[in-house]
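Visitor: this is a predicted model, with the sequence first.
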Amino acid sequence: MTDTGILARFNTGFDDFRLEVDLRLPGTGVTALFGHSGCGKTTLLRCIAGLQPCAGRLSVNGDVWQDDTASLPVHKRPLAYVFQETSLFPHLSVNGNLKFGYRRTPVQQRRIHPQQVIDWLGLAHLLGRTPERLSGGERQRVAIGRALLTSPRLLLMDEPLSALDQASKREILPYLETLRDTLDIPIVYVSHSAAEVARLADYIVMMDRGRVLAQGGLQETLARPDQPFALEHDAAVIVPAIIRERDDQWHLCRAEFEGGSLWFRDDRQPETGTAVRLQILARDVSIALAANHDQSFQNLLPARVTDMAAEQRPGMTTVRLHAGQTAFLSRITSRAVHQLGLAPGMAVCLQIKSVAIVE
Ligand SMILES: Nc1ncnc2c1ncn2[C@@H]1O[C@H](COP(=O)(O)OP(=O)(O)OP(=O)(O)O)[C@@H](O)[C@H]1O
């Protein structure tokens, strides 16, 4: 079998919950499982890990782990699983914890080595410490490192940051970005946090009540005008951009994207040349028929209406527009759509109130 990526079809459940999914996920990068509490994210991870009995089929980059006739038991699946609070061995140093899985991995199967993990996760200065002398974020980095040193073919992460405070989350996210950009194995990442997903994911699976509502590349999927009801209010697009200019007098900076540039507050003081992901909420974007400079919006972008969808919330419409190749969403009232006569193909001006670098 030469299929790359993860093919996962599962059917399982409990008394009053059923999980039924049919997924085709990328073979590298971060796939985020996103959805409200109780929608079945952990159950899906447990099916992939072989911890939850289920009917179905699973193959990972060409290797069949489960089909109609057989299912590899948990300990035979070459994967690593990192939880919200993965416990380390308290009597072992960081170095001892890291080497634990490595030593148990047959030499010919070792593809990831301690020095790589120490570098990727910034662990060099912590090697001699025992777990009780680590912060929550440091403990989680060691847990991830220990998991990687079993040279898994798949990394599952179930809300790995949710037990951490904001400062620790901010500290650990760049390390996770390094893993995303360096590892050649898929990472399936469960999160409740839209900001975390926006920052880390390449691919997104939106779930609701045991079903998949939408799946696809992060940018395209977030830019769909027909967002699930629960996400309508926070609908946002992610725009990859590069910081080009800083205006220190007004605490602003300008980032260029494929289709224009945007000004926003320089809270994180990014260096020029830095690649960033910008988050623009649909509710912060309004539409005018022509550029009007006699108002407070700092960002006026020529754009074209692509399509639109009436929201499930009565009276509201989400409009999708493109500035160059980049998609934006705007949430406006259906009356405004009518009054402006908006229709696919129309040239308009986007007025963007607030732009944030995703944290
Ligand atoms: N062992 C179990 N026995 C019975 N019901 C269960 C069991 N495990 C999970 N469930 C139910 O299955 C549903 C899905 O749970 P699951 O933990 O997969 O959701 P989740 O999306 O990961 O939620 P959260 O974000 O809160 O972790 C829930 O309704 C939950 O109550």
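Guide: Nice, I can see it.

Visitor: could you dump stretch 52-63 to PDB, C-alpha only?
Guide: The C-alpha atoms that make up stretch 52-63 are tabulated as PDB, following Å, rounded to 0.1, in the frame of the first residue of the first chain:
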ATOM      1  CA  GLN A  52     -10.800   2.600  22.400                       C
ATOM      2  CA  PRO A  53     -12.500  -0.500  20.900                       C
ATOM      3  CA  CYS A  54     -14.000   0.500  17.600                       C
ATOM      4  CA  ALA A  55     -15.000  -0.800  14.200                       C
ATOM      5  CA  GLY A  56     -13.100   0.700  11.300                       C
ATOM      6  CA  ARG A  57      -9.900   1.100   9.500                       C
ATOM      7  CA  LEU A  58      -6.700   3.000  10.100                       C
ATOM      8  CA  SER A  59      -3.500   3.400   8.100                       C
ATOM      9  CA  VAL A  60      -0.700   5.700   8.800                       C
ATOM     10  CA  ASN A  61       1.600   6.700   5.900                       C
ATOM     11  CA  GLY A  62       1.000   3.400   4.200                       C
ATOM     12  CA  ASP A  63       1.100   1.000   7.200                       C
END
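
Visitor: how far off centre is it?
Guide: 23 Å (C-alpha atoms, centre = their mean, to the nearest Å).

Visitor: quick check: closest non-adjacent residue to residue 156.
Guide: Closest residue to residue 156 apart from its sequence neighbours, by C-beta to C-beta, 6 or more residues apart in numbering: residue 81 at 4.7 Å. C-beta: built from backbone N, CA, C; applies to glycine.

Visitor: what sits against the one you found?
Guide: Residue 81 sits next to 45, 49, 147, 156, 157, 158 when contact means C-beta atoms under 8 Å, 6 or more residues apart in numbering.

Visitor: just those residues: which are in strands?
Guide: 156, 157, 158 (DSSP state E).

Visitor: what distance do you get for the last one to the ligand?
Guide: Distance, residue 158 to the ligand, using C-beta to the nearest ligand atom, to the nearest Å: 8 Å.

Visitor: for that residue, give the beta-bridge partners.
Guide: Beta-bridge partners recorded for residue 158 (DSSP bridges): residue 190.

Visitor: poorly predicted segments of the protein, please.
Guide: 1-2, 228-231, 359 (pLDDT under 70).

Visitor: so what are the domain limits for it?
Guide: Listed domain ranges for the chain are 6-224, 236-357 (source: automatic domain parsing).

Visitor: nearest to residue 321, of the ones in strands among the contacts of residue 81?
Guide: Nearest to residue 321 among those is residue 157, at 34.1 Å by C-beta to C-beta.

Visitor: surely that closest one meets residue 189?
Guide: Yes. Counting by C-beta atoms under 8 Å, residue 157 does reach residue 189; the two are 4.7 Å apart.

Visitor: still on that earlier bit, select, from the contacts of residue 81, the two members most distant in space.
Guide: Farthest apart among the contacts of residue 81 - using C-beta to C-beta - are 45 and 147, which lie 13.6 Å from each other.

Visitor: could you check how far the helix or strand where the residue nearest to residue 156 lies is from the centre of its chain?
Guide: Secondary structure from DSSP states H and E places residue 81 in strand 79-82. The chain centroid and the centroid of strand 79-82 are separated by 17 Å, computed with C-alpha atoms, centre = their mean.

Visitor: hmm, who's touching the helix or strand just after it?
Guide: Beyond strand 79-82 in the direction of the C-terminus, DSSP H and E gives the next helix or strand as helix 94-104. Residues from elsewhere that reach helix 94-104, judged by C-beta under 8 Å, 6+ apart: 80, 88-89, 92, 110, 113-114, 117-118, 123, 126-131, 134, 142, 145-147, 149-150.

Visitor: swap in stretch 123-135?
Guide: When contacts are defined by C-beta under 8 Å, 6+ apart, stretch 123-135 is touched by residues 88-95, 97-98, 117-118, 138-139, 141-142, 145, 168.

Visitor: try 10 Å
Guide: Residues from elsewhere that reach stretch 123-135, judged by C-beta atoms under 10 Å, 6 or more residues apart in numbering: 87-98, 114-115, 117-118, 138-145, 164-165, 167-168, 171-172, 175.

Visitor: filter those residues down to just the buried residues.
Guide: Buried residues within the contacts of stretch 123-135, defined by neighbour count using 16 or more other C-beta atoms under 10 Å: 88, 93-98, 114, 117-118, 138-145, 164, 168, 171-172, 175.
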